Structures are given as structure tokens and as C-alpha cells.
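Student: Make a model of this:
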Amino acid sequence: MNAPSSTSPRRPLPSARRRPGSLRRSAAPPALLAALLLAAAGCDAGRDAGDEAPPPTSWGRGGDGAAAEARPRVPEEERYGGTVVVAGPGDLLTMNPLIVADRPSLEHQIHLLHITLVAEGPGAEPLPRLAESWSFDARGDRVTFRLRDDVRWHDGHPVTARDVAFTWERAIDPAVPFANPAYFDAWEAAEVLDEHTIRFTVRPRAHLLYGWMRTAILPEHILGDVPPEELERHPFGTTEPVGAGPFRFLRRVPGDRWVFEANPDFPEALGGRPYVDRYVYRQIPDGAVAEAELKRGRVHLLLDVTPDAAARLAADTAVAVAGFAAPEYAFIAWNTRRPPLTDPAVRRALTLAIDREGIREVVRGPYGRVLAGPVGRWHPAFDSTLAPLPFAPDSARTLLAAAGWTDSDGDGIRDRDGRSFQFDLLHTPRDDWAQVAAIAQANLRDVGVEVSTRVREQAALVPLVTGPDRRFDAFLVGWVRDVMLDDRDMFACDRPTSPFQFTGWCRPELDALLDSLQLVVGPDVQARLVARYGRMVAEAQPYTFLYDVESVLARRRELRGVRPDARAAILGAAEWWLEPRARGDRAESRR
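Tutor: Numbers count the residues shown, from 1 in each chain. Next comes the predicted model:
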């Protein structure tokens with residue numbers, strides 16, 4: 001097994017609490033639970049690493065860009081203080097890493113409150129975090145982690161190897177509703193060797209350490225006596241969270257805000273005390289209110305900004321807007337169990353008939369691209385040579401005619417064997433889905449296919465598309481991915497009842513490929529397998545891939561150090577700082 005080994009190469013550290021020019025290591029990545037909703041994505045930062053210039057994807061889209069970012073350099077020692085306020089449309093649901101099923105909550109767990117065993121690098125490579133080093137034995141079936149000895153829980157207890165073992169034991173316990181059990185399906189046993197050393201027995205697996213990038217460590221001394229089945233209801237997740245990360249929990253106002261404060265005892269080698277004194281997350285479901293709060297300076301960063309709002313906000317010289325490739329995409333799922341959608345030539349014709357570039361322009365504006373297959377440009381193994389099918393209505397008509405679908409009675413709708421070509425397209429009541437459905441409906445009507453669009457609340461739609469009888473023809477869905485690309489629940493022939501096997505399409509050769517994708521370690525081989533996977537799915541068209549997503553953030557320009565990428569919207573939040581003129585507590589009305 002050609003597995004990674006790390007010895008934590010590290011810059012020299014200052015003798016004082018902070019030295020200008022020191023660099024933090026990245027925090028860990030976001031959670032990407034498969035869902036029927038699209039979510040936001042995000043960011044990373046390096047202290048003093050280009051704070052005075054815009055990042056590669058400029059924060060000036062639609063605005064004055066680099067000119068507004070080129071501000072006077074603020075010395076390191078003058079960056080401390082103030083309260084930064086971040087707002088999103090939904091609440092944070094829990095600070096318990098074993099219970100989390102939404103992305104914003106997990107991002108705040110990993111990057112603020114808690115600490116992970118390892119961190120995720122920009123190419124999904126593992127980097128030191130709580131574990132300062134790790135190594136595999138000669139056979140590759142055991143991995144030993146050496147932990148830092150200077151990390152403490154916020155109540156003062158040291159973080160030990162026993163906490164790591166406890167977290168793993170609970171994550172694999174069937175009584176705990178851990179959302180991503182596949183993260184640890186290759187981890188077989190744990191042995192605590194001493195307070196700061198733990199050894200696991202493992203099986204070969206691609207991205208073996210990925211689960212430890214995305215699952216924060218939990219305190220055994222607080223939760224060890226809690227029965228596994230009671231962890232979901234324990235106040236640790238909502239009113240009594242205790243972490244070991246750069247920020248400490250201060251208070252929560254349900255449905256309104258979470259307040260965290262800088263942890264002065266966070267190890268200097270991991271970055272030390274954050275620059276800001278407090279970090280506040282506010283839930284503001286009304287987009288107009290959120291925009292107004294940003295413009296007034298009561299919010300410094302907006303998450304999950306719509307393209308329309310981004311265009312408005314970019315006109316404000318005090319605001320910067322940016323979009324970043326996110327591990328998400330949107331598609332139409334075709335139920336290949338139902339004729340005529342059983343025919344891949346028909347499915348290909350439907351894709352050719354839909355103006356996906358027009359849909360992307362209407363729904364996402366500049367914040368997305370037409371997608372060709374199931375792996376987007378955010379992934380390290382993305383196949384840039386796989387081109388989307390074009391918008392080609394004439395080619396669609398030719399394929400449909402060749403498949404026997406012609407307009408025999410002249411009513412404008414194709415038919416075959418006495419049956420008209422018509423089907424229902426389902427979607428949840430979202431404005432963007434309504435726009436997508438309307439465009440697709442008109443495009444398909446133009447080639448002689450009748451589509452009826454049907455709106456269903458998510459609670460009503462999910463049973464239709466995931467139940468054993470799959471009572472749908474087609475539906476619109478947004479999909480959130482992770483680096484592991486374990487898509488066997490979506491396509492494997494031996495998992496026909498999997499909730500995510502929406503389409504019913506499978507191929508034995510794809511099964512073998514997806515199995516191999518979970519075992520192969522080398523990045524070059526991974527890239528070849530991912531390319532084959534993408535081309536097999538694109539050829540069969542069980543989905544019509546519409547577009548991948550760029551998450552959009554908007555920030556006050558006085559908030560500095562924010563460097564988004566696909567890993568998380570708040571990655572590197574401990575690196576953020578407010579210009580001195582913008583500090584104070586006016587941003588958080590004390591309650």
C-alpha cells in the first residue's frame with residue numbers, strides 16, 4: 001500500500017506570542033453530505049500571504065476589484081481585536097460532529113470550535129493538525145499517529161489519544177446517527193499506545209485519511225458516559241459545546257445567532273490566538289435584510305449569496321463579491337426504468353435539446369459552468385478534456401426520429417406506437433428550479449416532447465424519488481460531493497434499492513471501476529479512473545448535467561484575510577482581521 005507519511009515540516013516559530021510573517025496551516029475541510037439541496041462553499045487564508053492583493057479569484061467581481069483591495073499594510077501587532085459577524089440564510093444546527101448533517105454547522109465545528117486529527121490541503125492531501133506526524137507500517141495495514149501535546153479542551157483538560165479513539169468508536173457505532181459512516185469503513189481497530197500516540201488497523205482505501213479531515217475530535221471526559229443513542233439529544237451539541245479549536249463557544253440564541261470568542265490558549269504552532277476577539281454567526285433568512293445589514297456594516301461577510309444579490313452588492317464600493325468553485329452540481333435525473341427513458345439515445349436527445357448554457361446564465365449568472373459529467377472542476381482529478389454535449393436541437397430531432405419518435409398525427413408532439421412522448425418533471429418550490437424547469441419545458445416542446453412541470457415540497461418529493469417504486473419520470477436535483485467520490489449508492493448494480501439510485505441505470509463495468517476508485521491510492525491512476533467514470537456516465541446520460549456551482553460570498557472590504565476556495569466558506573477564519581477603523585462591538589448588538 002503506497003500510503004502517505006508525514007513528519008510535519010514547519011516554519012520556525014517566534015519566541016513571542018505572534019511573529020509577523022508566520023503562516024498558519026489550513027484548517028480541515030467542509031462536510032459534504034449528499035442532499036437534495038445546494039449549499040455554499042468556501043475559503044482558506046494565509047496570514048500575511050498576500051493580504052494586500054486580491055486572491056486568484058478576485059474579490060472585485062462586478063466592482064472595483066484590486067484597486068479597492070490595495071490598502072495600506074497593517075502591521076501584525078495591530079490586527080488584533082473587534083467582532084466579525086458572518087450571516088447566512090439558515091441556522092447552525094449543532095456543534096456535535098457525530099450528529100451533524102448540514103454543511104454550515106460542520107464548517108463551524110471544524111474551523112472554529114473543534115480540531116481535527118489531520119487537515120486538508122488544497123489538493124485534498126492530509127496535513128498535520130492535532131496529529132503532528134503519522135506513519136504506516138511496512139505492510140500498510142496499520143497507521144500510527146503521534147499527537148501534539150499542547151492542545152487543550154476549552155475547559156482545560158488535555159486532548160489525548162483516548163479522545164481520538166473515543167471519537168472513532170462512536171462514529172462507527174450503529175446507535176449513533178453519524179452521517180458519513182463510509183469515512184471509517186476501512187478502519188478496523190484502535191490501540192492507544194500512550195497519552196499522545198494511537199495506532200489503527202486499516203484496510204487499503206483511497207483517501208484513507210479523508211474522514212479525519214472532516215470529523216472533529218470529541219472530548220471523552222465529557223461524553224464518554226453518555227449512551228451512544230443519547231448523543232443526538234445531548235446539550236453538548238447546542239448549549240454546552242466544548243471544543244479545542246481556535247474559538248471557544250460563548251453563547252447561542254436559537255434561531256438568531258451563535259457567538260464564539262478567541263481562544264487565547266490555542267497552540268502557537270497551529271496559529272495561536274485568532275486576530276478577532278469574537279466571531280458571531282447570524283441567521284438572516286430574508287435576503288433583503290441580509291443585504292441591508294452588510295451595507296450598514298452590521299454584518300461583515302454574507303454566505304450563500306444569490307447571483308442577483310451579488311450583482312446588486314458588487315455595485316457598492318464598500319463591498320467585495322467573489323464566487324468560488326464548489327463541490328456541487330445540478331442535474332435532471334431520468335428514471336431509466338420507465339420507457340422511453342430506458343433508451344440512452346433518447347436521453348442523449350433530451351440533453352441535446354436543453355439549452356444548458358442558457359439555464360446557467362439565467363440561474364447562476366457568472367457563478368457556474370455547464371457540466372459534462374459527475375466530477376466538477378473543484379476535484380483534484382477533474383477531467384478537463386470531457387466536454388459537455390452541445391445545445392443542438394436539430395441533432396436531438398434526428399436522434400428522436402431514429403428511435404422511432406415522430407409526429408405521426410401532426411399535433412406537434414412526437415409519438416410512437418400510439419403513445420405520445422410526454423412526461424412529468426418534478427422539482428421543489430425554489431425560484432431557480434422553477435426557472436430551470438420552464439426553460440427545459442420550452443426547449444423540449446420545441447423538439448416535440450411534452451413536459452409537465454410539477455412542484456412538490458421536499459418532504460413530499462423525497463419519497464417519490466428515493467422509495468422502492470420510484471414514482472417519477474424526471475426531477476431536478478442539486479448534489480453535494482466529497483473528494484472520495486464513492487458513488488456506488490448512485491450507480492452500483494447490486495444496490496438497486498439505495499435511496500440515491502434514482503435513475504436505475506447501472507453497468508457491471510462501472511461497478512468494477514467505482515470499486516477500484518475506492519482502493520487506488522496513486523493520483524495518476526485515480527485521475528484515469530475518474531476520467532473513465534465521467535465518460536461512461538456522460539455517454540449513457542442517466543442524468544442531464546446542467547451546471548456546476550460557484551458559491552458566492554460578499555464581504556465588507558474592511559474584513560481582511562478571507563481567501564475562499566472549494567474547501568469551506570470559513571476556512572481560515574482565525575486568520576481574518578478587521579481594519580482598525582471597523583472594530584468595535586456595534587456589529588453585534590449585545591443581548
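
Student: which element follows whichever strand or helix holds residue 538 toward the C-terminus?
Tutor: Counting by DSSP states H and E, the element that carries residue 538 is helix 523-540. Downstream of helix 523-540, the next assigned helix or strand under DSSP H and E is strand 543-556.

Student: quick one, strands of the stretch 251-400 of the chain?
Tutor: For the stretch 251-400 of the chain, the strands defined by DSSP state E, counting those that start in this stretch cover 257-262, 278-283, 301-302, 319-334, 368-370.

Student: who's in contact with residue 360?
Tutor: 368, 369, 370, 546, 547 (C-beta atoms under 8 Å, 6 or more residues apart in numbering). Using the backbone N, CA and C atoms, a C-beta is placed for each residue, glycine as well.

Student: Count the neighbours of the first one for me.
Tutor: Counted by other C-beta atoms under 10 Å, the residues lying close to residue 368 total 26.

Student: again, but for the second one
Tutor: The criterion is other C-beta under 10 Å. On that basis, residue 369 has 19 neighbouring residues.

Student: Can you tell me how far it is from residue 142?
Tutor: 43 Å (C-beta to C-beta, to the nearest Å).

Student: go on, the last one?
Tutor: Counting by C-beta to C-beta, the separation of residue 547 from residue 142 is 44 Å.

Student: Looking at the two, which has the bigger crowd around it?
Tutor: A count of neighbours by other C-beta under 10 Å puts residue 547 above the other of residue 547 and residue 142, at 24 against 16.

Student: Return the most buried member of the strands of the stretch 251-400 of the chain.
Tutor: Highest mean neighbour count of the strands of the stretch 251-400 of the chain: strand 301-302, a mean of 28 (counted as mean count of other C-beta atoms under 10 Å).

Student: where does this structure dip in pLDDT?
Tutor: Where the chain drops to pLDDT under 70, the residues are 1-72, 585-591.

Student: could you redo the last one with a cut-off of 80?
Tutor: When residues are selected by pLDDT under 80, those of the chain lie in 1-72, 521, 584-591.

Student: what residue of it is the furthest out?
Tutor: Taking C-alpha atoms, centre = their mean, the residue of the chain most remote from its mean C-alpha position is residue 409, at 49.1 Å.

Student: Could I get the phi/psi values of the closest residue to that residue other than its chain neighbours?
Tutor: Take residue 409 and drop its neighbours on the chain: the residue closest to it by C-beta to C-beta, 6 or more residues apart in numbering is residue 415, 6.8 Å away. Taking degrees, to the nearest 10, you get phi -150, psi 160 for the backbone angles of residue 415.

Student: Near residue 415, how many other residues are there?
Tutor: Neighbours around residue 415, by other C-beta under 10 Å: 17.

Student: what's it in contact with, if anything?
Tutor: 405, 406, 407, 408, 409, 421.

Student: From residue 395, how far out is the last one?
Tutor: Plainly put, residue 421 is 17 Å away from residue 395 if you go by C-beta to C-beta.

Student: returning to what we had before: show residues contacting the helix holding residue 538.
Tutor: By C-beta under 8 Å, 6+ apart, the surrounding residues in contact with helix 523-540 are 206, 344, 347, 372-375, 379-383, 385-386, 389, 485, 487, 491, 505, 507, 509-510, 513-514, 516-517, 520, 543, 545.

Student: now swap in stretch 289-299 and tell me
Tutor: Stretch 289-299 has contacts (C-beta under 8 Å, 6+ apart) with 85-87, 89, 282, 284, 300, 302, 309, 312-313, 316, 318-319, 554-556, 582, 586-587.

Student: which residue sits closest to residue 347 in space, ignoring its chain neighbours?
Tutor: residue 541 (4.0 Å).

Student: And for residue 578?
Tutor: Closest residue to residue 578 apart from its sequence neighbours, by C-beta to C-beta, 6+ apart: residue 82 at 4.1 Å.

Student: Also residue 319?
Tutor: Using C-beta to C-beta, 6+ apart, the closest residue to residue 319 is residue 313 (4.9 Å).

Student: who touches that neighbour in this structure?
Tutor: Going by C-beta under 8 Å, 6+ apart, residue 313 touches 291, 294, 295, 302, 305, 319, 321, 554.

Student: OK, contacts around the closest residue to residue 131 other than its chain neighbours?
Tutor: Distances taken as C-beta to C-beta, 6+ apart put residue 145 closest to residue 131, at 4.2 Å, once the chain neighbours are dropped. Residues near residue 145 by C-beta under 8 Å, 6+ apart: 117, 131, 133, 134, 161, 164, 197, 198, 199, 200.

Student: What strands line up against the strand or helix carrying residue 145, and which way round?
Tutor: Element membership of residue 145, judged by DSSP H and E, is strand 142-147. Sheet pairing of strand 142-147 (DSSP bridges) gives strand 131-136 (antiparallel), strand 197-202 (antiparallel).

Student: so can I have a markdown table of these showing distance to residue 276 and mean neighbour count?
Tutor: Shown next, in a markdown table, are these (distance: least, C-beta to C-beta, whole Å; neighbours: other C-beta atoms under 10 Å):
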| stretch | distance to residue 276 | mean neighbour count |
| --- | --- | --- |
| strand 131-136 | 26 | 20 |
| strand 197-202 | 33 | 19 |
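
Student: any chance of those strands in a markdown table, plus distance to residue 223?
Tutor: Conversion of the strands paired with strand 142-147 to a markdown table gives the following (distance: least, C-beta to C-beta, whole Å):
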| stretch | distance to residue 223 |
| --- | --- |
| strand 131-136 | 21 |
| strand 197-202 | 18 |
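
Student: For residue 258, which of the ones you listed is the nearest?
Tutor: Set against residue 258 and scored by C-beta to C-beta, the strands paired with strand 142-147 come closest in strand 131-136, at 27.6 Å.

Student: just the CA coordinates of that closest one, formatted as PDB?
Tutor: Taking Å, rounded to 0.1, in the frame of the first residue of the first chain, the C-alpha atoms of strand 131-136 are listed here in PDB:
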ATOM      1  CA  ALA A 131      -1.600  14.800  14.700                       C
ATOM      2  CA  GLU A 132       1.900  16.300  14.200                       C
ATOM      3  CA  SER A 133       3.000  13.200  12.400                       C
ATOM      4  CA  TRP A 134       1.900   9.700  11.200                       C
ATOM      5  CA  SER A 135       3.400   6.700   9.600                       C
ATOM      6  CA  PHE A 136       2.300   3.400   8.100                       C
END
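
Student: Which residues lie in contact with the residue lying closest to residue 450 once chain neighbours are set aside in this structure?
Tutor: Nearest non-adjacent residue to residue 450, counting by C-beta to C-beta, 6+ apart: residue 422, 3.7 Å away. Listed by C-beta under 8 Å, 6+ apart, the contact partners of residue 422 are 413, 449, 450, 451, 452.

Student: didn't the first one look like it was pressed against residue 421?
Tutor: Yep, that's residue 413 we're talking about. Yes - if you go by C-beta atoms under 8 Å, residue 413 and residue 421 touch, sitting 6.4 Å apart.

Student: so what's in contact with those two at the same time?
Tutor: Joint contacts of residue 413 and residue 421 (C-beta under 8 Å, 6+ apart) are 448, 449, 450.

Student: Out of those residues, which comes closest to residue 362?
Tutor: Within those, the smallest distance to residue 362 is 20.3 Å, found for residue 449 (C-beta to C-beta).

Student: which residue packs closest to the closest one, ignoring adjacent ones?
Tutor: Counting by C-beta to C-beta, 6+ apart, the residue nearest residue 449 is residue 421, at 5.0 Å.

Student: Quick check on the one you found: phi, psi?
Tutor: Residue 421 adopts backbone torsions of phi -80, psi 100, taken as degrees, to the nearest 10.

Student: All good on my end, thank you.
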